[in-house]
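Asker: Would you be able to build a 3D model of this:
(chains A and B)
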Amino acid sequence: MSGNEISIQARGLKKIYTRGSEQIPAVNDVSLEIRKGDFISIMGPSGSGKTTLVNLLGCLDNPTSGELILAGRSIFANDTRLSERELTKIRRETYGYIFQNFYLIPTLTVMENILLPLTFYRKPGSEEEGLKLLKLLGIEHRKDHLPGQISGGEMQRVAIARAMINRPEILLADEPTGNLDTKRSDEIVRVLQELNQQARLTIVMVTHNPVLAHHADRLFEMKDGHIKETTRS
Amino acid sequence: MITPFQVAYKNLLRKKVRSLLTLVGIALSAWVLVSLLGFNRGYETRLNQDIDNMGFQMMVMAKGCPYEAATMMLKGGTGLKYMPESIIGTILREPEIEKITPILMQAAFDPDKGESGGIAIYFGVEPKTFVEMKTFLKFRQGTWFTDENAYEAVMGYEAAELEQREVGDKILVPEKNVELNVVGILNRTGTQDDGTIFVPMKTLQKIFNRTNEVTTIGIKVKKEADITRLEDKLYKLPDVQVVSLAQVKQTIMGLISTAKVMVLSIAMIAILIAMVGVVNTILMSVHERFQEIGILKTIGAMPWDIFRLIWTETLILCAIGGVLGVGLALVLSRLTGMVIRYILPYAPSGGLVLIDARLIGITLAMILCIGLLSGLYPAWKAGRIRPLEAIRSEGAR
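Answerer: Below you'll find the model as predicted:
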């Protein structure tokens, strides 16, 4: 499935938080290469730095040191710091994000939530994408409902559709099934798998759940800020 | 497609009571503002109308208190002083004068008027010159006097109404026991003329033993003439004072300026309170949506997009509030006028609060400007929320 183009490259990525006089390395010297079309999952216990790493890879956070290269472009390096504006641009052109808590706007309908990113930025053809996604995700019949009227699994599908509307190159999913039961979790991961295969979408998923993690092509494990690629069992 | 406007609008509906209360605050301040501005305009307009309806721009009267002179002109005061009729000839010699009309004002206590009696006001007028000067007076019934010595009266609308007289009836001058024939009744003018009884000057002089005396001379000045110069010249005449209507207007405007300042301060305070209310509402709403705004940023909103979104919310509140307030002011303008009339020592006749399209435009523009200003800080604050902080704050909430 994976091609040869490199999507994200991290070199010696480090994120150190300071708490009082203590320095906590949440991400410690992480280097990895993610190729276009990869579906990788990152597992690890709480506090191992998974979320911090995903935020760094998704340009949501600045590393303390190290380098991040996105499709050949240096985003963070020891002497490069992009402005918030440039980062926003990169984020909206390249990334789609989904979170454990969905973060739908409660006052907007399912369809409006999905189309919301187009209010700020639109790639050509994005609108048709909206309807296609509704069908693909099986939430067509919910399009005029408010988020409060649908189930958690459906809410996460809406969040996925919203993340996908501008056809990102990379989808970052931080515990996408954290609030869902086993059946719904499995469904959501299958949807992600389908998107990965159909659109050659690069997916980085953080999860606690080893069963779900095994749907990915590549598995990483994090512990105390260090990362290690594991072979699939 | 969903527009930022829709997003903002739907968000305001989320906390209906809060949005509504803010709206009420804005509407009230808009109401106060537009009513005040309308009053400023209305009072002056009505005063000008009253003054125009006098038919002359300047008056010469016997020396006395200028305030009394002012009230005498507009309400018909008492405690009168007299000038000899011969002064008319002197005044007429001035080249600036177009025409003049002498008036003898008299007041008599009428015990039958109202519940505890009242003052009946008589204007002795020269039939010829007075009619020329006040061409706008229209009759409801009858017409002017037949002769300058006739024992006849023309009654103002309210005077006739009060005494229940029609043309052909007689009225009695109290204290003097003289009867006058009513020959005409005027239409309502909305000025003091409504309450006045007009009598030929010569007749009135005889009744009150004021032969060859007048109280007032109304002067109409030629269009191109220099009024100030004429005023100076007339002041040189012995024992007279000159009251120009411009002066009267100034005096009255001066009297009500205190009231205006007070109302203006109240309006300013109301606006300030509304403004603080708006800032508070929007800030709270930004605070509550901290995460949501962060998420909007992860899905591609630039700081400016967020700024615009929050600003739009402020503007929607202010626009609706402003329109409501203006509507309220329009509906209640009569009531507001009545209240002001009750408070003020003197108010001209007619509606005191005049609201027109220009005024509405100015008020709405002001309210919107205030809205833009109040929205500035919350919008700026929201624009600066960083997506990561918003996502991280999850645990803390």
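Asker: Any idea how far apart the tips of stretch A:58-65 sit?
Answerer: 16 Å (CA to CA, to the nearest Å).
Asker: Close to chain B: what parts of chain A are there?
Answerer: With CB under 8 Å from any CB of the partner chain as the criterion, chain A meets chain B at residues A:55, A:60-61, A:84-85, A:88, A:91-92, A:95, A:97, A:99, A:101, A:103, A:105-108, A:112, A:115-121, A:127, A:162-163, A:166. C-betas here are computed from N, CA, C, even on glycine.
Asker: Among those residues, which lie within helices?
Answerer: Counting by DSSP state H, the part of these found in helices is A:55, A:84-85, A:88, A:91-92, A:112, A:115-120, A:127, A:162-163.
Asker: Just the buried ones among these, please.
Answerer: Among those, those scoring as buried are A:55, A:88, A:91-92, A:112, A:115-120, A:162-163 (criterion: 16 or more other CB atoms under 10 Å in any protein chain shown).
Asker: Grab the two from those residues that are most spread out in space.
Answerer: With CB to CB as the measure, no two of those lie farther apart than A:Asn55 and A:Glu112, at 27.0 Å.
Asker: Assumed A:Glu229 was part of a strand.
Answerer: Yes. Counting by DSSP: H, G, I helix; E, B strand; the rest coil, A:Glu229 is found in a strand.
Asker: Quick check: pLDDT value at the nearest residue to it once chain neighbours are set aside.
Answerer: Spatially, and ignoring its direct neighbours in sequence, A:Glu229 is nearest to A:Phe220 (5.4 Å; CB to CB, 6 or more residues apart in numbering or on different chains). A:Phe220 carries a pLDDT score of 95 in this model.
Asker: Could you look up the SS state of A:Phe220?
Answerer: The local conformation at A:Phe220, judged by three-state DSSP, is strand.
Asker: Quick check: it touching A:Ile34?
Answerer: No. With contacts counted by CB atoms under 8 Å, A:Phe220 stays clear of A:Ile34, the gap being 9.8 Å.
Asker: residues shared between the contacts of the two?
Answerer: Residues touching both A:Phe220 and A:Ile34 by CB atoms under 8 Å, 6 or more residues apart in numbering or on different chains: A:Ile40.
Asker: Can you name the residues that contact A:Ile69?
Answerer: Counting by CB under 8 Å, 6+ apart, A:Ile69 touches A:6, A:8-11, A:75.
Asker: Are any of those buried, and if so which?
Answerer: Counted by 16+ other CB under 10 Å, the contacts of A:Ile69 give A:8-10, A:75 as buried.
Asker: Nearest to chain B among the residues you listed?
Answerer: Sorting the buried ones among the contacts of A:Ile69 by distance to chain B puts A:Ile75 at the head of the list, at 14.9 Å, by CB to the nearest CB.
Asker: Run through who's touching the lowest-mean-pLDDT helix or strand in chain A.
Answerer: Using mean pLDDT, DSSP states H and E, the weakest-scoring helix or strand in chain A turns out to be strand A:80-81, at a mean of 77. Identification of contacts with strand A:80-81 by CB under 8 Å, 6+ apart yields A:62, A:74.
Asker: Spell out which parts of chain B neighbour chain A.
Answerer: Going by CB under 8 Å from any CB, the residues of chain B near chain A are B:1-4, B:6-7, B:10-11, B:13-14, B:291-292, B:295-303, B:305, B:386-388, B:391, B:394.
Asker: Please produce a ChimeraX select command covering the buried subset of those residues.
Answerer: The ChimeraX command for the buried members of the residues of chain B next to chain A (criterion: 16+ other CB under 10 Å) is given here:
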select /B:2,4,7,10,11,291,292,295,296,297,298,299,300,301,302,303,305,386,387,388,391
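Asker: what about the chain, any weak spots by pLDDT?
Answerer: Chain wasn't specified; assuming chain A. By pLDDT under 70, the low-scoring segments of chain A are A:1-3, A:232-233.
Asker: wait, chain B
Answerer: In chain B, residues with pLDDT under 70: B:64-80, B:114, B:116, B:345, B:393-397.
Asker: residue nearest the centroid of it?
Answerer: Centroid check for chain B by CA atoms, centre = their mean gives B:Tyr43 as the closest residue, at 1.7 Å.
Asker: is it fair to say that one lies in a helix?
Answerer: Yes. When three-state DSSP is applied, B:Tyr43 is found to be in a helix.
Asker: which residues does it contact?
Answerer: By CB under 8 Å, 6+ apart, the residues touching B:Tyr43 are B:256, B:347-348, B:352.
Asker: Spell out the secondary structure type for B:Met59.
Answerer: Applying three-state DSSP: B:Met59 is strand.
Asker: Could you check how far it is from B:Thr298?
Answerer: B:Met59 is 78 Å from B:Thr298, where distance means CB to CB, to the nearest Å.
Asker: Tell me the spacing between the closest residue to B:Glu85 other than its chain neighbours and B:Met83.
Answerer: Closest residue to B:Glu85 in three dimensions, ignoring its sequence neighbours and counting by CB to CB, 6+ apart: B:Asn212, at 4.4 Å. B:Asn212 sits 10 Å away from B:Met83, going by CB to CB.
Asker: Check A:Thr88 too.
Answerer: Distance from A:Thr88 to B:Met83, by CB to CB: 86 Å.
Asker: quick one, strands of chain A?
Answerer: Under the criterion DSSP state E, chain A contains strands at A:6-19, A:22-35, A:39-43, A:65-70, A:73-77, A:80-81, A:95-99, A:170-174, A:202-206, A:218-223, A:226-230.
Asker: List the contacts of the first one.
Answerer: So that's strand A:6-19. Applying CB under 8 Å, 6+ apart, the contact partners of strand A:6-19 are A:23-36, A:38, A:49, A:52-53, A:56-57, A:61, A:63-72, A:169-170, A:202, A:204.
Asker: Can you list the strands that that strand pairs with?
Answerer: When sheet partners are counted by DSSP bridges, strand A:6-19 sits next to strand A:22-35 (antiparallel), strand A:65-70 (antiparallel).
Asker: If we ignore the residues flanking it in sequence, what's nearest B:Trp304?
Answerer: Nearest non-adjacent residue to B:Trp304, counting by CB to CB, 6+ apart: B:Gly383, 6.8 Å away.
Asker: Quick one: residues contacting the one you found.
Answerer: B:303-304, B:306-307, B:310.
Asker: What of B:Ile266?
Answerer: Neighbours of B:Ile266 in contact, by CB under 8 Å, 6+ apart: B:Val32.
Asker: State the distance from it to chain A.
Answerer: Here the distance between B:Ile266 and chain A works out to 37 Å (CB to the nearest CB, to the nearest Å).
Asker: Kindly list the longest helix within the chain.
Answerer: Reading this off chain A. Max-length helix for chain A by DSSP H is helix A:182-199.
Asker: my question was about chain B
Answerer: Across chain B, the longest stretch assigned as helix under DSSP H is helix B:245-288.
Asker: Downstream of that helix, the next helix or strand is which one?
Answerer: Using DSSP states H and E, the helix or strand that follows helix B:245-288 towards the C-terminus is helix B:290-298.
Asker: Could you find the closest non-adjacent residue to the residue in the stretch 251-397 of chain B that chain A sits nearest to?
Answerer: Using CB to the nearest CB, the single residue of the stretch 251-397 of chain B nearest to chain A is B:Gly300, 3.1 Å away. Residue nearest to B:Gly300 in three dimensions, not counting chain neighbours: A:Arg92, with 3.1 Å by CB to CB, 6+ apart.
Asker: Nothing else from me, thank you.
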